[in-house]
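**Q** Give the three-dimensional model of this entry:
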Amino acid sequence: MNRTTLWIVTSLVVAMGVSGCDRDADDEEPLERVAHYEAVEGLEKDDDDDAEADEDDAEALNDGPRRERADEADQALRQRLMGRVMEVATEEGFDAAVDVCRDEAGPLTEEVGEEFDVAIGRVSDRLRNPDNTGHDWVWSMIEEADGQPHYEANDELRAVKPIALAEGCVNCHGDTDELAEGVPEVLEERYPDDEATGYDVGDLRGWVWVEVPGS
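**A** Prediction:
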């Protein structure tokens, strides 16, 4: 496998079709906002930030173990999907890699959730799989996230992490004339109502969401 093929396959998985485990979100307790990602990472804050924001930052920094678990689960999910898609796309082509996301992404996601004791999934506002719409809390957090990783906490710690379209991902998510050989036909068969094409490099493709239970 040459360097170009490896890079394309690696970047593809970041924006493959979204999947996640659904559960009932009714009657969920509203969460207190913890902090935006910049505060969590300890980046410099504006001088005009008020005392309430400082309290939120301190709470976020004090919840390091759960934030770390959310981050580790996010990375594990991306890496495991990447490995599997790389294997299939290299051996069989991008059209076969579409079936990895349809048939294997769900079980891999559940495996990561069980290993890290979290609920985890992927969502997008332009779906490939119509079942993967995400919980209500995911979308309210996305509205606040402004395209950046974002955390909130109460009894649970919740996180949303953006997925940007990399250059190689146009093979399955770009304009129709940019899709890899065989991909349009597979999408038509597997996902006749697919909304997940027409993206440009750098576009926000979707989000990984993670929910870490309280101790």
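
**Q** for residue 210, helix, strand, or coil?
**A** Taking DSSP: H, G, I helix; E, B strand; the rest coil as the rule, one finds residue 210 in the strand state.

**Q** What of residue 194?
**A** Using three-state DSSP, the structure places residue 194 in coil.

**Q** Could I get the phi/psi values of it?
**A** Main-chain dihedrals, residue 194, degrees, to the nearest 10: phi -60, psi 130.

**Q** quick one: contacts for it?
**A** Contact partners of residue 194, counting by CB atoms under 8 Å, 6 or more residues apart in numbering, are 127-128, 187. Any C-beta I mention is one placed from the backbone N, CA and C, and that applies to glycine too.

**Q** Highest neighbour count among these?
**A** Sorting these by how many neighbours each has (other CB atoms under 10 Å) puts residue 128 first, at 24 neighbours.

**Q** just checking, it is part of a strand?
**A** No: counting by three-state DSSP, residue 128 is not part of a strand but coil.

**Q** My guess is it contacts residue 199. True?
**A** No: counting by CB atoms under 8 Å, residue 128 does not reach residue 199; the two are 11.5 Å apart.

**Q** The closest residue in space to residue 161 that isn't next to it in sequence and residue 78, how far apart?
**A** Nearest residue to residue 161 in three dimensions, chain neighbours excluded: residue 208, at 4.4 Å (CB to CB, 6 or more residues apart in numbering). According to CB to CB, to the nearest Å, residue 208 stands 7 Å off from residue 78.

**Q** And these two? Which one has more around it.
**A** Neighbour tally, residue 208 and residue 78, criterion other CB under 10 Å: the higher count belongs to residue 208, 25 against 17.

**Q** so who does the more buried one touch?
**A** 74, 77-78, 120-122, 160-161, 163.

**Q** Check which helix or strand residue 87 maps to.
**A** Applying DSSP states H and E as the criterion places residue 87 in helix 64-92.

**Q** could you point out which element follows that helix?
**A** Following helix 64-92 in sequence order, the next helix or strand is helix 94-103 (DSSP H and E).

**Q** relative orientation of that following helix and helix 64-92 in degrees?
**A** With axes from the mean of the first three to the mean of the last three CA atoms, to 10 degrees defining the directions, helix 94-103 sits at 140 degrees from helix 64-92.

**Q** which other helices and strands contact helix 94-103?
**A** In this structure, helix 94-103 makes packing contacts with helix 3-12, helix 64-92, helix 170-173, helix 183-190, judged by 3 or more CB pairs under 8 Å, 6 or more residues apart in numbering; DSSP states H and E.
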